[in-house]
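**Student:** Just need the structure, nothing else, for what follows:
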Amino acid sequence: MKKNILNSLILILILAIVTLVYSNHFKNPFHFDDSHTIENNIFIKSLKNIPQFFKDASTFSSLPSNQTYRPMVSVTLALDYYMGKGLNPFYFHLSMFCWFLVQLIVMFLLLSKIFKSVIKHEWTDFFALFAVAWYGLHTANSETLNYIISRSDSLSTLCVVASMYFFVAFPQKRKYLLYLLPVIVGMFIKEQTAMFAPILFFYILLFESQVSLSDIFNKKHFKKLKSTFMKTLPALLVCGFLGLLVVKMQTKTFTPGGVSTFNYFMSQPWVYLRYFIAFFLPLNLSADSDWAAFKNIFDERVIVGFAFMILLGVIAFKASKSEKTKLVAFGILWFFFALLPTSSLIPLAEITNDHRMFFPFVGLVMAVCWGAFLWLIKFENAIKNKWSSKFLLVILVLLILGGNAYGIRERNKVWSSEESLWYDVTIKSPANGRGLMNYGLSQMAKGNFKVALDYYNKALVYLPFYPYLQVNLGIVKNAMGNTFEAEGHFINAVQLGSTFNETFYFYANFLFNQNRFSESLVNAEKSLSLSPAHLPTRHLLLNLYVQTKNKEKLEALINETLQIYPADEYCMKFKNYDFSGSTSDTDSLEQIAEKSKAPQDFLNLSLSYYNQKQYDKCIEACNKALKIKPDYAEAYNNICSSYNALSEWDKAIEACTKCLQIKPDFQLAKNNLNYAKSQKKPK
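**Tutor:** Numbers count the residues shown, from 1 in each chain. Coordinates of the predicted model:
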C-alpha cells in the first residue's frame, strides 16, 4: 500500500514537471497545416457540424488534397474552438496537452503491469516511472505537441496504449471486447491506430502463448499460433473493417503527396535509423525536413538502412527467446509496427517527419528501459551498498531527463512564431524549398518585402513548379507595386495548381482589389467549388455578389454559410443588404449606414469609398463607426490603409497601433503597420 502511494506521488511529480517544462508552449500559434484544417476551415467553427464530420471527409480541411477521413480530430477541434470562443491557440494546446498527461498515466499502468509479469522485483515500478518520465520529457515529442493538427498522432497513440492496458490489466473482461473501444475511437482519429492488431498479436504470442519469434516457423507451435490468432481476431476484424471504412470515406481529391513507391520504400530503412538515433540524441529536429527519396538502390544510405533493419530484427529474434528479455523484443516490434503506416509502401509527401516518432517511441522507451533494468540488476548489490554507484545513477537519470527537458523548452521557443519556426527550418533543412518560402512568408507579413522576395527566389531553385510559391510571388510583387508581374505569377499558380482551391482564391482576391469583379467572380466561384470549407473564399464572394449586384446568389451564400457557421459576424453584415433603387452601391451604403447607425454599416461604407480611392471619405466613415464603437479594430485598420494610400505615414502608424492594441492578432493590420514603417523616411 505504501509503495502504491509512493508510486502515485512520483507519477504526480513527473506530470507536474512535464507541465512545467511545457509551460512556455501554450500560447504558441497555429502553424503549417493548421491553416487549412483549423483557421480557414468553416466546419470546425460550430458544434452543429459534428454529425457531418462522420459523413463527409471534406469537412476535415479546406484544402482538397488534404481532406482525409479523421472525424474525431475535427470533433476535438470544434470543441476547442467552442471553449476558446474562437481561434484561441491556448485552448487547442491545453486540451491536447491534457490528453498527453492522460497518456502518461495509462503508460505507467501498462508498463508496470507488463514489467511485473516478466520479473517481480522492487525496482520494476521505478523503471516504469522512469520510462514514463523519459517519454514525457523526450525532446522529439515536443514536435508533436507544438503542432496542433498533429494531435492525430498523439490522440491515436493514447487510444492504442489505452486498449493495450485494458487488455493486459483485465483478462477476465476480454470476452466483452471492451478493450477495443479506445481503438475504435482511434480509428476515427488516424489510420495508424490499426497497428494495434499486430502489436496485440505479438504481445499474446510472446507473453501468453510463450512462443518466441523463431518458434513461429516451427510446426510444433502451430496450435499456439492458431490460438494467438483467434485471440487477436476481434482486433484484426475491427481494425480491418474500420480501415476499409476510412479508405472508402476518403475524398477523391485526397492524395498522400508522394511520387515513387519504390524510391520511398528504399529510403525508409534509413529513416528508421534516423528515428532510432533521435531517441538517444534528439538533435537537429526540424518542422519540415529537406530529405528526398533515394533514387539509387546502391546508395550507401540504403545499404546502411537495410543493415540496421536486419540488425534490429536479429536483436528482436534473440531477445524473444528468453523470458527475461522478450520485453525488449516486444518494444522493438512496437517501434517497427508503429512506423509501418508512414514508413513503408505508401509514398507520403515527406519521407521523414519528426512528429511521426511519437507513436513508435512508446515501444522504444519500453525496450530501452527494460534492457537498462536487466543490466542494472546485475549490479544490484553494488548499487544498494555504494553511495558512489547511487550517485552516478542519479546523475545519469538527471542528465537524460534534464537534457531532454532543456531541449523541449528550446523547441517550444522555436515554435513560438512563424518567423522563428521557419528560420529554424532554413538552418536545419537548407534545401527545403517550402521552408524557404514559409520563412519568406513570415517576412512578407512584417512588411520586409525585399527579404521575402529573396527567399522566394531561393525557394524557386527547389520548387520551380510549386503553386503556392507562385501565389506568394504574386502577393509580394503586388505589394511592391509590380501588378503586371504579380498577375503573371497568379496565372502560373492557377495553371500549376488547377485542383488547389487557394490558387484560385488568391488570384480572385488580387482581381477584386483591381476592381476586376467579373474575372474575380469566376475564380472565387471555382475556389468554392473545389473547397466549400474555405471560409475566406465565402467572404470574398459576399463582396463580389454585392459588386455584381447578384442578390439571389448573395442570399443563397449567406444562408448556406450561416447554416454551417451561425456565428459568422462577417456574413451577418451582408444579411440585409439593400439592392433596391437606381442609386449607386455607395449611395445605397450611405443610406443604410445613416439609417441604421450601425458601426459595421459605416465600415462597409468606408470600404466602398476606399475602392473608389476616396480616402478622406473612407476615414470619415470609419470615424463615425468609432464614435459608436470605440474599440472597432477594423475601422482603425481601414483608416491606416487610407493614410497609407495618402502617404501620410505617421497617421497610418498611429491608426494601426491603436488597432493592434485592441486586436493584437490582426494580421492585415500588422501588414499595414509594417508597410507604413517601411515607407516612412528617417529624419
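
**Student:** which residue is nearest the centroid of this structure?
**Tutor:** Ile149 (2.7 Å; CA atoms, centre = their mean).

**Student:** mind listing what that one touches?
**Tutor:** Taking CB atoms under 8 Å, 6 or more residues apart in numbering, we find Ile149 in contact with Phe32, Asp33, Asp34, Thr37, Ile38, Val73. For the C-beta atoms, the positions are set from N, CA and C on the backbone; glycine is no exception.

**Student:** quick one: low-confidence ranges for this structure?
**Tutor:** Along the chain, segments meeting pLDDT under 70 span 1, 578-585, 681-683.

**Student:** Break it into its domains for me.
**Tutor:** 2-30+87-413, 592-683 (automatic domain parsing).

**Student:** Any chance of CSV for the ones you listed, columns distance to Ala431?
**Tutor:** Formatted as CSV, these follow (distance: least, CB to CB, whole Å):
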stretch, distance to Ala431
domain 2-30+87-413, 4
domain 592-683, 29
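
**Student:** Which of the ones you listed sits closest to Lys526?
**Tutor:** Shortest distance between Lys526 and these, using CB to CB, is found for domain 2-30+87-413: 13.8 Å.

**Student:** Could you tell me the end-to-end distance of that closest one?
**Tutor:** 40 Å (CA to CA, to the nearest Å).

**Student:** Now name the helix or strand holding Leu473.
**Tutor:** Assigned by DSSP states H and E, Leu473 falls within helix 467-479.

**Student:** Which other helices and strands does that helix contact?
**Tutor:** helix 433-445, helix 449-462, helix 483-496, helix 501-513 (3 or more CB pairs under 8 Å, 6 or more residues apart in numbering; DSSP states H and E).

**Student:** How far does the last one sit from its chain's centre?
**Tutor:** A distance of 25 Å separates the C-alpha centroid of helix 501-513 from that of its chain, computed with CA atoms, centre = their mean, to the nearest Å.

**Student:** Same check on stretch 277-290?
**Tutor:** Distance of stretch 277-290 from its chain centroid, counting by CA atoms, centre = their mean, is 17 Å.

**Student:** The helices and strands packed on helix 467-479: which one's closest to Thr657?
**Tutor:** helix 433-445 (16.8 Å).

**Student:** now the angle between helix 449-462 and that closest one, please.
**Tutor:** Counting by axes from the mean of the first three to the mean of the last three CA atoms, to 10 degrees, helix 433-445 lies at 170 degrees to helix 449-462.

**Student:** what does helix 433-445 contact?
**Tutor:** Contacts of helix 433-445 (CB under 8 Å, 6+ apart): 32, 286-288, 290, 417-419, 422-423, 425-426, 429, 449, 451-456, 458-463, 466, 468-469, 472, 475-476, 479, 667, 670-671, 674.

**Student:** List buried residues within those.
**Tutor:** Neighbour-count burial (16 or more other CB atoms under 10 Å) is assigned, among the contacts of helix 433-445, to 32, 286-288, 290, 418-419, 422-423, 425-426, 429, 449, 451-453, 455-456, 458-460, 462-463, 466, 468-469, 472, 475-476, 479, 670-671, 674.

**Student:** And the top helix by length along the chain, what's buried?
**Tutor:** Ranked by number of residues, the top helix in the chain under DSSP state H is helix 89-118. Neighbour counts over helix 89-118 (16+ other CB under 10 Å) mark 89, 91-93, 95-97, 100-101, 103-112, 114-115, 118 as buried.

**Student:** doesn't Pro532 fall inside a helix?
**Tutor:** No - remark: Pro532 does not belong to a helix; assigned using DSSP: H, G, I helix; E, B strand; the rest coil, it is coil.

**Student:** Make sure it is actually in contact with Ser61.
**Tutor:** No - in this structure Pro532 lies outside contact range of Ser61 using CB atoms under 8 Å: 11.4 Å.
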